[in-house]
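**Q** This is the structure alone, sequence omitted:
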């Protein structure tokens, strides 16, 4: 929360969660956000559900962010996650003015790309 002569500015946790989730999803190698293993299978969630898989703690000047993600198969997970941490930190700090003290990442799944010939339903009989 920022005190000004004319009042204060408070950025909600939901706003920070949305910014962080969208920045994470824009990172190459991230297939989606995970709603958590406790919800069953790790589910891929689209941008409109960007807050899923994101937990934040927002103070007056700082924010801490926890992300649960699904990575694409074949990527170097450490590199992808480091890049995502940078992207999320930069997006949140630039848009909110809050200092991001940590971006923690938990990889909860790996997404496999389907081969094109497997996406069509095979004919039952020929």
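**A** Alright, I've got the coordinates. Just so we're clear, the structure is a prediction, and the values are computed from it rather than from any experiment. Numbers count the residues shown, from 1 in each chain.
**Q** distance between the helix or strand hosting residue 23 and the chain's centre?
**A** Element membership for residue 23, per DSSP states H and E: helix 13-25. Helix 13-25 sits 7 Å away from the centroid of its parent chain (C-alpha atoms, centre = their mean, to the nearest Å).
**Q** Mind listing residues that contact that helix?
**A** 30, 32-33, 47, 50-58, 63, 65, 67, 69, 84, 87-88, 90-92, 95-96, 98, 103 (C-beta atoms under 8 Å, 6 or more residues apart in numbering). No exception for glycine: its C-beta is placed from N, CA and C like everyone else's.
**Q** Show the subsequent helix or strand relative to that helix.
**A** Downstream of helix 13-25 (by DSSP H and E), the next one is strand 30-33.
**Q** just checking, what packs against that next one?
**A** Packing contacts for strand 30-33, counted by 3 or more C-beta pairs under 8 Å, 6 or more residues apart in numbering; DSSP states H and E, involve helix 13-25, strand 62-72, strand 99-111.
**Q** Can you add distance to residue 5 and give these back as JSON lines?
**A** JSON lines is the format used below for those (distance: least, C-beta to C-beta, whole Å):
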{"stretch": "helix 13-25", "distance to residue 5": "23"}
{"stretch": "strand 62-72", "distance to residue 5": "23"}
{"stretch": "strand 99-111", "distance to residue 5": "23"}
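**Q** which one is residue 23 nearest to, not counting chain neighbours?
**A** Leaving out its chain neighbours, the residue that sits closest to residue 23 by C-beta to C-beta, 6 or more residues apart in numbering is residue 91, at 3.7 Å.
**Q** Between strand 62-72 and the helix holding residue 23, find me the angle.
**A** Per axes from the mean of the first three to the mean of the last three C-alpha atoms, to 10 degrees, the angle that helix 13-25 makes with strand 62-72 is 40 degrees.
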